[in-house]
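Undergrad: Show me how the following folds:
(one chain, ligands or ions: 1)
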Amino acid sequence: MVQPNPALYPPLGYVFTDPQSGQDFVGTDWDDLAQQIENYRRANGLPVGKPLEECHRDYCRRHPRFCADPRRRVSVSVSSTSLGQRVVAWVARLFAAAMPLPVDQQTAEARAAICARCPQQTEWRASCGCSIAAVKSMKREWLRSAKRKPTKKTEELKACGALGEECSFSVWAEQKVKDTGQPRSCWRLVK
Ligand code: SF4
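TA: Numbers count the residues shown, from 1 in each chain. Sure, this is the predicted structure:
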C-alpha cells in the first residue's frame, strides 16, 4: 500500500474528515491524528476501524505525489528534517488545537525588534512552494481577522534556527516554549 512520504510535510497539514460522522480532525502528526479519531469514535460508540490506515489512504488519494510505495521508496532520512519542515510543522501545531488570538501590536513590535538583531535568524525554504504559500496565507488571514498590521520589521525577519519558527509569525503567538539554548536576549525566555 502506498504511504505518505515522511520527508514531505503535508500541504494542508495532518487533517482528516471522518466519513462516518463528518467530524473534522487536525493533528500534529499522523499518530496524533489517528489517536484523536480513535478517541472520538470510542467516545461516540462508533466502530474504531483503522484510523491510521484510513488517514494515509485518504491523504494519498488527495496527494498522490506526496506518497510512495515504501518497498520502492528511495531511502530518505527522517531525521534530516530541514528548518523549512520544522517551520511548517510549527505553524500546524500553532493552529492544531484552536485559533489562538495574536498578541497586541506593541508586544509584537518589541519582539520583532529583538528577533531582527538575533544571531539565530536563518533563511528557510519549505519542501515545496505550496507550503510557503500556505504559511503566508495563514499568517495574513490570522492577522487580518484580528485587525493587526504586520510589524515594522516583518521584511527583515527569517526563521529562528533555535526554535524552528517563522519569526514574522511567531512574534504574534502567545505560546510557551522550552529553553533550547536560545541567546539570553531572546524574548521567548522572558517570563
Ligand atoms: S532565539 Fe528568540 S530572539 Fe532569536 S530569533 Fe529565535 S525567537 Fe527570535
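
Undergrad: Okay, helices next: where are they in the protein?
TA: 30-43, 51-62, 83-96, 105-117, 129-145, 167-170 (DSSP state H).

Undergrad: Out of these, which is the most enclosed?
TA: Ranked by mean neighbour count, these are led by helix 167-170 with a mean of 24 (mean count of other CB atoms under 10 Å). C-betas here are computed from N, CA, C, even on glycine.

Undergrad: How far away from the center of its chain is that helix?
TA: 13 Å (CA atoms, centre = their mean, to the nearest Å).

Undergrad: Can you tell me what sits against it?
TA: With contacts defined as CB atoms under 8 Å, 6 or more residues apart in numbering, helix 167-170 is touched by 90-91, 94, 112, 115, 121, 135, 139, 150-151, 153-154, 157-160, 163.

Undergrad: out of those residues, which touch the ligand?
TA: Under the cut-off given by CB under 6 Å from any ligand atom, the ligand has 115, 121, 160, 163 from those close to it.

Undergrad: what's the nearest residue to the second one if we skip its chain neighbours?
TA: Setting aside the residues directly before and after it, Q121 is nearest to K158 in space (CB to CB, 6 or more residues apart in numbering), at 4.8 Å.

Undergrad: That neighbour reaches T122, doesn't it?
TA: Yes: here K158 reaches T122: they are 5.6 Å apart, a contact under CB atoms under 8 Å.

Undergrad: thinking again about what came up before, for the helices of the chain, give me JSON lines that also has mean pLDDT.
TA: Shown next, in JSON lines, are the helices of the chain (pLDDT from 0 to 100):
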{"stretch": "helix 30-43", "mean pLDDT": "92"}
{"stretch": "helix 51-62", "mean pLDDT": "91"}
{"stretch": "helix 83-96", "mean pLDDT": "77"}
{"stretch": "helix 105-117", "mean pLDDT": "95"}
{"stretch": "helix 129-145", "mean pLDDT": "76"}
{"stretch": "helix 167-170", "mean pLDDT": "91"}
